[in-house]
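Participant: Predicted model, plus sequence, below.
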Amino acid sequence: MKDIAIQDRVDTVIGSYIDRKRGPDVKENSFSEMLKNSLSEVNKLQRDADLAIREIAAGKDKDIHQTMIALEKAEISFQFMMQVRNKIISAYQEVMRMQV
């Protein structure tokens with residue numbers, strides 16, 4: 001069973017920040033690359049959930065528990081992505097309100 005890596009993702013972001021502070025020889029990932037990777041992972045979880053639904057509807061897979069787990073993973077990752085998006089938009093709006 002593949003777990004949702006929310007904590008791992010947070011640890012990765014914090015770890016990459018700490019690594020950048022340590023020295024210039026560490027490979028630097030841009031913020032946009034991190035967002036693209038996160039979106040592709042959320043998309044993959046959504047596709048996996050859709051496939052699980054199709055398989056259970058077609059009678060190929062009789063494990064309803066794994067299907068429900070896939071659905072919940074997709075839903076939680078989507079909700080997390082939306083909260084991150086809301087925080088990014090809020091931060092952008094705050095920066096735009098700053099007086100120069």
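Facilitator: Good, I have the coordinates.
Participant: For the longest helix seen in the chain, which residues meet the burial criterion?
Facilitator: When the chain is parsed with DSSP state H, its longest helix is helix 64-97. Neighbour-count burial for helix 64-97, counted by 16 or more other CB atoms under 10 Å, picks out Thr67, Ile69, Ala70, Leu71, Lys73, Ala74, Ser77, Met81. Backbone N, C-alpha and C define where each C-beta goes, glycine included.
Participant: repeat for stretch 32-48
Facilitator: Residues of stretch 32-48 classed as buried: Ser38, Val42, Leu45, Gln46 (neighbour count, 16+ other CB under 10 Å).
Participant: Tabulate the residues you listed in TSV, adding columns for distance to Ser30.
Facilitator: TSV is the format used below for the buried residues of stretch 32-48 (distance: CB to CB, whole Å):
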residue	distance to Ser30
Ser38	13
Val42	19
Leu45	23
Gln46	24
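Participant: among those residues, which are in helices?
Facilitator: Among the buried residues of stretch 32-48, the members falling in helices (DSSP H) are Ser38, Val42, Leu45, Gln46.
Participant: Wait, the first one touches Met81, no?
Facilitator: Pointing back at Ser38 there. Yes. Using CB atoms under 8 Å, Ser38 makes contact with Met81 at a distance of 6.7 Å.
Participant: What's the separation between the residue nearest the centre of the chain and Ile88?
Facilitator: Nearest to the mean C-alpha position of the chain, by CA atoms, centre = their mean, lies Ser38 at 4.1 Å. As judged by CB to CB, to the nearest Å, Ser38 and Ile88 stand 11 Å apart.
Participant: and what of Leu51?
Facilitator: 30 Å.
Participant: try Asp48
Facilitator: For Asp48, the distance to Ile88 - CB to CB - is 25 Å.
Participant: Glu41 too?
Facilitator: Spatial separation of Glu41 from Ile88 under the definition CB to CB is 17 Å.
Participant: for the chain, where's the lowest mean pLDDT among helices and strands?
Facilitator: The helix or strand of the chain with the poorest confidence is helix 6-22; it has a mean of 57 (mean pLDDT, DSSP states H and E).
Participant: So which elements touch the host helix or strand of Glu33?
Facilitator: Using DSSP states H and E, the element containing Glu33 is helix 31-58. Packing partners of helix 31-58 (3 or more CB pairs under 8 Å, 6 or more residues apart in numbering; DSSP states H and E): helix 64-97.
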